[in-house]
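Enquirer: Below are the sequence and a predicted model for it; my questions follow.
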Amino acid sequence: HAAADDDMEEEIRKRYVPRPAQRKKQHLVRGSLANEGALKRFQYYFKPDDPNEICCVIELGENVCGHPGLAHGGITAVILDDVLGAMCFRRGTRGFTANLSINYRRPVPLPKKLLAKAWFLKQERRKVFLQGQIEDAQGNIYAEAKALFVLPRSPSSTESSSGGGSAF
């Protein structure tokens with residue numbers, strides 16, 4: 001499946017632009033879990049002219065098991081939450097997960113290269129509705145999610161030390 005994994009990423013590079021990888025010491029995905037045994041790779045891609053869709057190529061190591069050789073469902077949830085949050089961020093807002101509903105379709109074998117996708121559905125005032133999924137190069141869907149993110153009442157409550165705004 002290595003050739004299919006490479007083809008998957010080549011197709012993504014044709015349609016999307018990579019976001020520079022950021023390692024953040026105090027971030028769960030790009031810090032604590034960013035290592036060979038866990039999240040070996042976590043690369044976002046986006047379309048410059050479309051703020052309603054993003055994707056992320058992920059390489060899972062062997063140390064994120066629930067059952068031997070299979071990814072823990074919690075790592076799947078972490079991936080979906082991060083990608084859905086990035087989708088919200090891509091649209092220029094910083095929201096907080098209010099609800100994340102996941103349908104686990106099949107177990108994820110380890111190690112594994114995956115593609116996580118997220119789409120904006122709609123926004124109602126401070127509520128942002130999103131959906132996402134995790135699949136592999138063969139198109140097998142491992143998990144699907146719907147999420148509700150809530151925007152803060154005050155934009156200043158989520159500004160980063162770099163002054164806030166979209167990192168995309």
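Expert: Looks like it arrived, so ask away. Numbers count the residues shown, from 1 in each chain.

Enquirer: For Asn63, give its distance to Arg94.
Expert: From Asn63 across to Arg94, the span is 30 Å (C-beta to C-beta, to the nearest Å). All C-beta atoms are positioned from the backbone trio N, CA, C, and that covers glycine.

Enquirer: out of these two, which sits in the busier spot?
Expert: Arg94 (19 against 14; other C-beta atoms under 10 Å).

Enquirer: is it true that that one lies in a strand?
Expert: No - looking at Arg94 with DSSP: H, G, I helix; E, B strand; the rest coil, it is coil, so not inside a strand.

Enquirer: ok, it touching Val128?
Expert: No - the pair formed by Arg94 and Val128 falls short of the contact definition of C-beta atoms under 8 Å, at 10.3 Å.

Enquirer: Mind listing the shared neighbours of those two?
Expert: Each of Cys88, Leu151 lies in contact with both Arg94 and Val128 under the rule C-beta atoms under 8 Å, 6 or more residues apart in numbering.

Enquirer: what about the helices in the chain?
Expert: With DSSP state H as the criterion, the chain has helices at 2-15, 73-90.

Enquirer: What about Gln43, how many residues nearby?
Expert: When neighbours are defined as other C-beta under 10 Å, Gln43 has 15 of them.

Enquirer: Which pLDDT does the model give the nearest residue to Gln133 once chain neighbours are set aside?
Expert: Computed as C-beta to C-beta, 6 or more residues apart in numbering, the closest residue to Gln133 that is not its neighbour in sequence is Glu144, at 4.6 Å. pLDDT for Glu144: 98.

Enquirer: Just list the residues touching Glu144, thanks.
Expert: Counting by C-beta under 8 Å, 6+ apart, the residues that Glu144 touches are Ile102, Asn103, Arg105, Gln131, Gly132, Gln133.

Enquirer: Which residue, other than its chain neighbours, is closest to the second one?
Expert: This points to Asn103. Leaving aside its sequence neighbours, Asn103 sits nearest to Glu144 (C-beta to C-beta, 6+ apart; 4.8 Å).

Enquirer: That neighbour and Ser32, how far apart?
Expert: From Glu144 to Ser32 the distance is 26 Å (C-beta to C-beta).

Enquirer: Verify the contact between Ala145 and Leu121 for me.
Expert: No - Ala145 lies out of contact with Leu121 (C-beta under 8 Å); the separation is 11.7 Å.

Enquirer: All set now, cheers.
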